[in-house]
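# Sequence and predicted structure, then a few things I'm wondering about:
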Amino acid sequence: MPDLTAGQLAQITGTELRGDADCLIRGIAPLDQATAGQLAFLHRSEFRCDLADTQASVVILAPEDLPEYPGNALVTQNPLLAYAQAATALSATERPAACRHPTAVIDPSAQLAPDVIIGANAVIGARVVLAGQVVIGPNCTIGDDCVLGQASCLHPGVTLYPRVELGVECIIHAGAVLGSDGFGFANDQGRWVKIPQLGRLRLGDRVEVGANTTIDCGALNDTVLADGVKLDNQVHVAHNVQIGEHTAIAACVGIAGSARIGKYCTIAGASGLVGHIELADQVHVSSMTPVTHNLSQPGRYTSLLPAMPHAGWRKNFARIRQLDRMAHKLRRLEKQLAQVMSQLN
Amino acid sequence: MPDLTAGQLAQITGTELRGDADCLIRGIAPLDQATAGQLAFLHRSEFRCDLADTQASVVILAPEDLPEYPGNALVTQNPLLAYAQAATALSATERPAACRHPTAVIDPSAQLAPDVIIGANAVIGARVVLAGQVVIGPNCTIGDDCVLGQASCLHPGVTLYPRVELGVECIIHAGAVLGSDGFGFANDQGRWVKIPQLGRLRLGDRVEVGANTTIDCGALNDTVLADGVKLDNQVHVAHNVQIGEHTAIAACVGIAGSARIGKYCTIAGASGLVGHIELADQVHVSSMTPVTHNLSQPGRYTSLLPAMPHAGWRKNFARIRQLDRMAHKLRRLEKQLAQVMSQLN
Amino acid sequence: MPDLTAGQLAQITGTELRGDADCLIRGIAPLDQATAGQLAFLHRSEFRCDLADTQASVVILAPEDLPEYPGNALVTQNPLLAYAQAATALSATERPAACRHPTAVIDPSAQLAPDVIIGANAVIGARVVLAGQVVIGPNCTIGDDCVLGQASCLHPGVTLYPRVELGVECIIHAGAVLGSDGFGFANDQGRWVKIPQLGRLRLGDRVEVGANTTIDCGALNDTVLADGVKLDNQVHVAHNVQIGEHTAIAACVGIAGSARIGKYCTIAGASGLVGHIELADQVHVSSMTPVTHNLSQPGRYTSLLPAMPHAGWRKNFARIRQLDRMAHKLRRLEKQLAQVMSQLN
């Protein structure tokens, strides 16, 4: 980690410095664990109480928390963003020298920029194109005709099927599989006949894909993830799905075929989308929520059932099977009571 | 892709040709994007409107859609099946020459048919048997004593634990793990003691397994997937599960230990089966549905709760915890009202 | 498998032998399939009927089942535990000789005990420390600065990111990814800015991790799994999660960031925990249950909705959206009826 002064960090993060610009920062730690020479940040005012005792040399915080803290501060409306920028600067490591490990198997027809890094035992197929500064981790397999944009990085054990296309600065985590066959079959009197999956998978710029996530190629058209899309671990994206710019999808979400998701959406963990539906821009789906129909208005959507003690669950959930009967009883009671009341008056 | 005439395609698909048998087809495209020389298909009549403007040279369609279309047509009751067959023929590529990549590590005791293809950096264990035309992708690991039937194909990065058996023409997608230990432990005063998993995993013929799917070996008996079973990506199949012929299971489904699933079933995405239950033949489970008891009758089963706007969810779902109380109130009201009414009459 | 006598097995399992101590056991089988020379066990009294016809030479059973069985028996209050111990002894194989496969790529700065086993095409990073008897399967990638304790075992295709720490006797199944980046981003006017994930992942002793499971490193603090934790396949553990001793988590469970789970908990398959919540010791979560708030009391918690026939689901589940309205109607009816009744009396 490089050392940076508070003044340099203010410049990097575009924040306002209050205090000693020459204070030297050598690392980062949580507010309640930081020691002298370290940077900390206050993300939410609920942890404001930690400000009094922190030993951090500089704290990133919001203007409303500044009066509580007498020390060196970087002041900003978005402390988390400033923290991300400062932590990136403080954790930067020198880029390793360009290198193609001698055990890597690279097809002679592949076109590699001079400064790519290819890890041990990686396998690069025919006609693959790797732009400058691309990093391919150990034990990755890149299928024929894939194209990777500038500075994209594959962690170890990633598989790209043939013809996958990545934009610039994509990050693909270990074990992810990109461009696998969609789950497409015709039924012939009970037996399943495979439908060739002939579309491609295309990722825009700065897409991040989590560990062991799978994204299928298209059936005939392409599967497309737009610029800035972020997928967490163990997400499944089926064939012909389209995901709009800067949408973030948390772990364990499954998205069925041909679903179309708008821009600036967030889908929380373990939710699911059925196939052929459309989500508008800025739709936010809560965790463990099944989405079964179009959501054409921005906003938050939910349907999870929070855990309750088992005995209470037994008593109440059995009633769900009687709900329709209960509703009918209720209506009958209303009618009868209305009659009684009119009879009385 | 080979070029085929409309007449040849009619023969391959067993469909009835209406129009020019010599029309040459060079590719496939969706109905609304196809250009001259391409094949398209009309899967559902709801897209019938695209027929008028399509530039496709031949269209696969159902008899009821034929009157709407004046051009060359392949007519069949099952357009999707004909499309699968035509697309297979049109996308066929020549099989690469048999080859064992020099970086592959093959145990000398393994028995390989002369025409197998072994990718770079694949590792083949002791006493493994690979039948004719088997393809092992790069970076796969095949444990000792595995047996792979004729023309089975492993995509890159697949792991087979020892003693896994595959029938003919199986397709295993990248990152899948077959034959891993079942999750079996005895409890010794709070601590978990591992139960050795001694059974095998056996797959029948033409089984397809999706990317990053995991299938455990049996605890003592075997885990068995019958002929024609299709699993999508990120499915989990626990120890001792049995899945019947031609059952298809969509992505992200989890099946707990010793569950038995019949033939010709479909299980939609992200559903789950608890252990030790049995599903009859032709059971169809909707997406995101927990199956917690035997389903002994064919038919469709469901329990997902579709997403709703968050405010409505807060209001209504809180009531689920009061359902039992509501049911009791309802019964009391009915009784009281009956008394009132008898008093009045 | 070594042969053992009934007397030896009694000693190994700490059970009471009834019958012939010299009876030789050559294998294990289910009660209803065992043949002479084999060991079987009766786990639950509901299968007691199989005792009469079993051909097993020795049966492990509980005292209350002993009167039903005249043959050789190993008697114990915990037959499953005795079975685990006996099966471990009977299935023990000789440890292969220490070996570093010539195709493995081992950084010269790595410190390897003399008796480690490194599989073909494995890649071991800089400054990695492997204690005695460690096994690294084929095609694994171990990032820089990882530390693996005595006798820990990685199955094929496992990826460890840099700085992951494993205790002694851990078992990591194929395709698992340990120490990947947490899903952390700051939002800059709609765009996501990556937050460097600077914490580590630390596993205690005897932790088992299932196939294709993913565990993220910490954001700033560490992600920590304590001694004896067992994770099944395709579990996802996000950054900064802490899991207490001897907690077992079944397949397909997702645990969001900073969740803290106590000791001796069990979480059944496909459940989910939202972030920043805390579960007390001895909490048991049923399958497919979302946990959205702290569970501070031991006990079982549930909220799954079991599958029902589709028509019944349509009728009853639509009513859930009307629950709040139904509750209001019910209250109004109660008031009106009370008025009617006071009017009558």
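Thanks, I have it. Numbering: from 1, shown residues only, chains lettered A, B, ... in the order given.
# average pLDDT across stretch A:2-14?
What stretch A:2-14 shows for mean pLDDT is 95.
# next one: stretch A:115-123
98.
# close to chain C, is it?
Yes - figure legend: stretch A:115-123 in contact with chain C (Cβ under 8 Å from any Cβ of the partner chain); contacting residues A:119, A:120, A:121. Any C-beta I mention is one placed from the backbone N, CA and C, and that applies to glycine too.
# which residues touch that stretch?
Applying Cβ atoms under 8 Å, 6 or more residues apart in numbering or on different chains, the external contacts of stretch A:115-123 come out as A:96, A:98-101, A:103-106, A:112, A:124, A:130, A:132-142, A:156, B:103, B:119-121, B:138-139, B:156, C:103, C:105, C:121, C:123, C:139, C:141.
# Residue A:212 contacts residue B:212, correct?
Yes - using Cβ atoms under 8 Å, residue A:212 is in contact with residue B:212, at 5.4 Å.
# Touching both of these two, which residues are there?
Here residue A:212 and residue B:212 have A:175, A:234, B:175, B:234, C:175, C:212, C:234 as joint contacts, going by Cβ under 8 Å, 6+ apart.
# which sections of chain A are below the confidence cut-off?
Per-residue confidence of chain A (counting by pLDDT under 70) places the weak regions at A:1.
# Could you list the domains of it?
Using automatic domain parsing, the domains assigned to chain A come out as A:4-90, A:99-301, A:310-340.
# Am I right that residue A:162 is in a strand?
No - assigned with DSSP: H, G, I helix; E, B strand; the rest coil, residue A:162 falls outside any strand and is coil.
# so how far is residue B:212 from it?
Relative to residue B:212, residue A:162 is positioned 18 Å away (Cβ to Cβ, to the nearest Å).
# Who has more neighbours out of the two?
Neighbours were counted for residue A:162 and for residue B:212 using other Cβ atoms under 10 Å in any protein chain shown; residue B:212 has more, 31 against 16.
# can you pull the contacts of the more buried one?
With contacts defined as Cβ under 8 Å, 6+ apart, residue B:212 is in contact with A:175, A:177, A:212, A:214, A:234, B:173-176, B:233-234, C:175, C:212, C:234.
# Secondary structure added to the residues you listed, as TSV?
As requested, the contacts of residue B:212 are exported to TSV (three-state DSSP):
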residue	secondary structure
A:175	coil
A:177	strand
A:212	coil
A:214	strand
A:234	coil
B:173	coil
B:174	coil
B:175	coil
B:176	coil
B:233	coil
B:234	coil
C:175	coil
C:212	coil
C:234	coil
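# got a markdown table for those residues, with distance to residue B:340 too?
Listed next are the contacts of residue B:212 as a markdown table, based on distance: Cβ to Cβ, whole Å:
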| residue | distance to residue B:340 |
| --- | --- |
| A:175 | 68 |
| A:177 | 68 |
| A:212 | 64 |
| A:214 | 63 |
| A:234 | 59 |
| B:173 | 68 |
| B:174 | 70 |
| B:175 | 68 |
| B:176 | 67 |
| B:233 | 61 |
| B:234 | 59 |
| C:175 | 68 |
| C:212 | 64 |
| C:234 | 59 |
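# Mind giving me the ChimeraX command for buried ones among those?
A single ChimeraX command is used to select the members of the contacts of residue B:212 judged buried by 16 or more other Cβ atoms under 10 Å in any protein chain shown:
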select /A:175,177,212,214,234 /B:173,174,175,176,233,234 /C:175,212,234
